[in-house]
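1. Predicted model and sequence below, questions to follow.
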Amino acid sequence: MATPTLAEVINRSQHHGLIAWITSQQIFWVFLAAVFACLALSMLTDSFATERNLFNVTRNFAFVGIVALGMTAVIASGGIDLSVGSTLVISAMTVSVIMSAGMPFWVGCIAALAVSLLVGAVNGVLIAYARMPPFVVTLGMLSVARSLAMVLSDNKMIYEFGPDHEFLLWLGGGSTLGLPHPLIIMVILACLTAFAFRQLRWGQHLFAIGGNENAAVLTGIPVARIKVSVYMFSALMAGITGVLEVGWLGGVTTNLGQAMELTVIAAAVIGGANLAGGGGTAFGAVVGALLIEVIRNSLILLGISTFWQGTFVGLFIVIAVAFDRFRQRKS
Amino acid sequence: MNVLELKNISKRYGAIQALDNVSLAIAPGEVVGLMGDNGAGKSTLVKVIAGNFAPTSGDILISEQKVEFHKPLDAQKAGIEVVYQDLAICNNLSAASNVFLGREPTRKIGPIKVVDYAFMRSKSAELFARLKSETRPRDLVHKMSGGQRQAVAIARTLLSDAKIVLMDEPTAAISVRQVAEVLNLIRQLSDHGIAVVLISHRMPDVFEVADKVVVLRRGELVADKKASQSSPEEITGLITGAIEHA
Ligand SMILES: Nc1ncnc2c1ncn2[C@@H]1O[C@H](COP(=O)(O)OP(=O)(O)OP(=O)(O)O)[C@@H](O)[C@H]1O
Ligand SMILES: [Mg+2]
């Protein structure tokens, strides 16, 4: 037997064959389920494959998808962010209040994203430096941020956005080349996130922290700083979604984004983010969000009461985690 | 000239005196077997040398220069490398990523610095070859054997120009053949003038490679002897306290 060259050893890995590798990926099955659901719905209902409905589905799915990108980063680093829905509403309120006061869009947008980053920074500092559990910190923030949004708006609905009113509505609700803007933005953000996860040291360190935080500390990775940046990243994604969602709805109330954290966590987990830390992909977050939105849409189209949505989202989280446990036991 | 010298190092964790006035000198290329019962303070001593935390009192000298380590990176820069008891390995990452953990090489694409995976793979393949280990750089660590995981942790220490390698129980959880591999590696390091501090509970391993044996008991250094002038029986007595001092 010939001894393999160094290059052969380098390139050899445990994945034998493309098909075996693809079918071993949870994301593949989730994607298949989403495609299957779409096909089934097109056949079972007249209303699914209409342009109007697909437009709605893709846009809704984009909102969940963007936030799920941030959530995936947090979960992959071994944490959780329950405050995304509240971050979303405080961002939406900030941009709305500033624009309705007659300021241009860019001022409102920058302020909204700055407020979101601040929310993330507070979460991150309490978690990384004060060493408080992410669950507790972000649960507290869930309450605080939404309450601040109410204070900010005096709990009134805002639907006049000053001189850049039309631009805001176009940004969140319009489309280019037939693609809704939120979808385009989600695709861009997903590509950037995938790049950051895979190609930047930031991504390597984030996954190292999620895999073995102790090892990350011992090898000199700036764990606390990375953690803060991860929560800020999550908050930024929620903040961007907040601005877009105002534009789509054409108005904002303080119950925007309520209970969104569960849908987003479900999307991330279905997409392969490991709640124990160390696993997750940007593509997975997007596909997970797609499946959730298709299922949600199908409930509506099939005439099933929307009260059932919570049951489905909850079941999905549990099933995805069970699936992961099962796979780990097998290997 | 000593590559490392400890002078009256003490370390307290609240009420626990983990290290009590420990003094020790290590020459270049010297292999030191560090022994002691569970909780004797071995890991604590290694962590003080590695800059994981500062001693409560006492001095550390590297090549006769007094140093102060505030973080592991400071110690690393001074030429101190560590193989930790739990190996400090991330199961979710590849072997190559683990070798370079915390010091990933980058290359520039325009203004952006991206991780240089190609270099990480070829360099770690080279290191594994040097260790005669059949570890593949792309493989995820969680599927690896104990010996391969060891190789990953040890390859990490070869990355830099280390003067001292600290090993916390490298032979605790691996097969006999793999123990022989690790001991061989320790000899190789020593031949290249790298000093090795080997923590182990396994007497045969220590006596096979160590030039000198050091014993800690309840945080106190009770023996510092040439291995050739001691015996497993004497060391056992020192560890348990049957022999007070050597
Ligand atoms: N982070 C810590 N906080 C408080 N006490 C600690 C800490 N780390 C170690 N200790 C205590 O310090 C003492 C020395 O522990 P150390 O881990 O250095 O022992 P060891 O010799 O490495 O033992 P083993 O053979 O079990 O690895 C023990 O009493 C231990 O309980
Ligand atoms: Mg120990």
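-> On my side now, so go ahead. In this text, all values refer to a predicted model and were calculated from it rather than measured experimentally. Numbering: from 1, shown residues only, chains lettered A, B, ... in the order given. Ligands and ions are numbered 1, 2, ... in the order given.

2. contacts, neighbours, all on C-alpha from now
-> Noted.

3. Now for the most far-flung residue of chain B relative to its centre: which residues touch it?
-> Centroid-distance maximum for chain B: B:G110 at 38.8 Å, with Cα atoms, centre = their mean. B:G110 makes no contacts at all, as judged by Cα atoms under 8 Å, 6 or more residues apart in numbering or on different chains.

4. Output the longest helix belonging to chain B.
-> helix B:176-191 (DSSP state H).

5. Check which helices and strands that one sits against.
-> strand B:195-199, helix B:203-209 (3 or more Cα pairs under 8 Å, 6 or more residues apart in numbering or on different chains; DSSP states H and E).

6. Compare the ones you listed and report which one is nearest to ligand 1.
-> Of all those, strand B:195-199 sits nearest to ligand 1, with 8.4 Å by Cα to the nearest ligand atom.

7. other SSEs contacting the closest one?
-> Short answer (3+ Cα pairs under 8 Å, 6+ apart): strand B:195-199 packs on strand B:31-36, strand B:164-168, helix B:176-191.

8. Lowest average pLDDT across the ones you listed?
-> Mean pLDDT is lowest for helix B:176-191 among those, at a mean of 80.

9. Relative to the whole chain's centre, how far out is it?
-> 13 Å (Cα atoms, centre = their mean, to the nearest Å).

10. for stretch A:101-116, same thing?
-> 22 Å.

11. Next, the buried residues of that stretch.
-> The neighbour-count check on stretch A:101-116 (16 or more other Cα atoms under 10 Å in any protein chain shown) flags A:M103, A:P104, A:F105, A:G108, A:C109, A:A111, A:A112, A:L113, A:A114, A:V115, A:S116 as buried.

12. for stretch B:62-76, same thing?
-> B:I62, B:S63, B:E68, B:F69, B:K71, B:P72, B:L73, B:D74, B:A75, B:Q76.

13. farthest-separated two in these?
-> With Cα to Cα as the measure, no two of these lie farther apart than B:S63 and B:K71, at 19.2 Å.

14. out of everything not next to it in sequence, what's closest to the residue of chain B found nearest chain A?
-> Closest contact between chain B and chain A, by Cα to the nearest Cα, is at B:A88 (4.0 Å). Among residues not flanking B:A88 along the chain, A:A215 sits closest, at 4.0 Å (Cα to Cα, 6 or more residues apart in numbering or on different chains).

15. picking that back up, could you dump the buried residues of stretch B:62-76 into JSON lines with distance to A:G85 and pLDDT added?
-> Formatted as JSON lines, those follow (distance: Cα to Cα, whole Å; pLDDT from 0 to 100):
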{"residue": "B:I62", "distance to A:G85": "53", "pLDDT": "91"}
{"residue": "B:S63", "distance to A:G85": "56", "pLDDT": "88"}
{"residue": "B:E68", "distance to A:G85": "46", "pLDDT": "90"}
{"residue": "B:F69", "distance to A:G85": "43", "pLDDT": "90"}
{"residue": "B:K71", "distance to A:G85": "38", "pLDDT": "83"}
{"residue": "B:P72", "distance to A:G85": "39", "pLDDT": "81"}
{"residue": "B:L73", "distance to A:G85": "39", "pLDDT": "82"}
{"residue": "B:D74", "distance to A:G85": "42", "pLDDT": "88"}
{"residue": "B:A75", "distance to A:G85": "44", "pLDDT": "89"}
{"residue": "B:Q76", "distance to A:G85": "43", "pLDDT": "86"}
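
16. Tell me the residues on chain B that lie near ligand 1, please.
-> Proximity of chain B to ligand 1, by Cα under 6 Å from any ligand atom, involves residues B:Y13, B:A18, B:D37, B:N38, B:G39, B:A40, B:G41, B:K42, B:S43, B:T44.

17. Can you report how many residues lie near the fifth one?
-> The number of residues packed near B:G39 is 13, by other Cα atoms under 10 Å in any protein chain shown.

18. go on, A:A121?
-> For A:A121, the neighbour count with other Cα under 10 Å is 20.
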